[in-house]
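K.L.:
Sequence below, structure please.
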Amino acid sequence: MSTSNTALADYLNSQGSGGNYRYELWSTDDNNYYLKIWQYEANPESDSYTTTQGFASTREALIYFDCNYAEKNLPECSQ
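P.N.:
Residues are numbered from 1 along each chain as shown. Here you go, the predicted model:
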């Protein structure tokens, strides 16, 4: 019986900003997406960031950012 020791990898998909925050959108090998979020003026190399829970799609992740950090008033924000 053999087992696989393959580690899942994370991939940077995009970066952006809104409101007072910046984000990096990451995906995993098992097709989950998550955000790393910093204060806009923070240094991503040294300052702490928030990591969100997993999302099923990039769209869900970006809507979450827009509603909770970028202070956008989207129809999806009220759901």
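K.L.:
Quick one: mean pLDDT over stretch 16-30.
P.N.:
Per-residue pLDDT over stretch 16-30 has a mean of 94.
K.L.:
Any buried residues in that stretch, and which?
P.N.:
Residues 21-27 are the ones in stretch 16-30 that count as buried (16 or more other Cβ atoms under 10 Å). Every residue, glycine included, has its C-beta placed from N, CA and C.
K.L.:
same deal with stretch 27-42?
P.N.:
Neighbour-count burial for stretch 27-42 [16+ other Cβ under 10 Å]: 27, 32-38.
K.L.:
and the nearest residue to residue 16 once chain neighbours are set aside, helix, strand or coil?
P.N.:
Leaving aside its sequence neighbours, residue 16 sits nearest to residue 23 (Cβ to Cβ, 6 or more residues apart in numbering; 5.8 Å). Three-state call for residue 23 (DSSP: H, G, I helix; E, B strand; the rest coil): strand.
K.L.:
do you know how far residue 23 is from residue 57?
P.N.:
15 Å (Cβ to Cβ, to the nearest Å).
K.L.:
sorry, back to before: and the buried residues of stretch 16-30, which is closest to residue 47?
P.N.:
Nearest to residue 47 out of these is residue 22 (Cβ to Cβ; 10.7 Å).
K.L.:
bridging residues for that closest one?
P.N.:
On the basis of DSSP bridges, residue 22 is bridged to residue 17, residue 38.
K.L.:
packing partners for the helix or strand hosting residue 27?
P.N.:
Using DSSP states H and E, residue 27 sits in strand 21-28. With contacts taken as 3 or more Cβ pairs under 8 Å, 6 or more residues apart in numbering; DSSP states H and E, strand 21-28 sits against strand 10-18, strand 33-39, helix 58-68.
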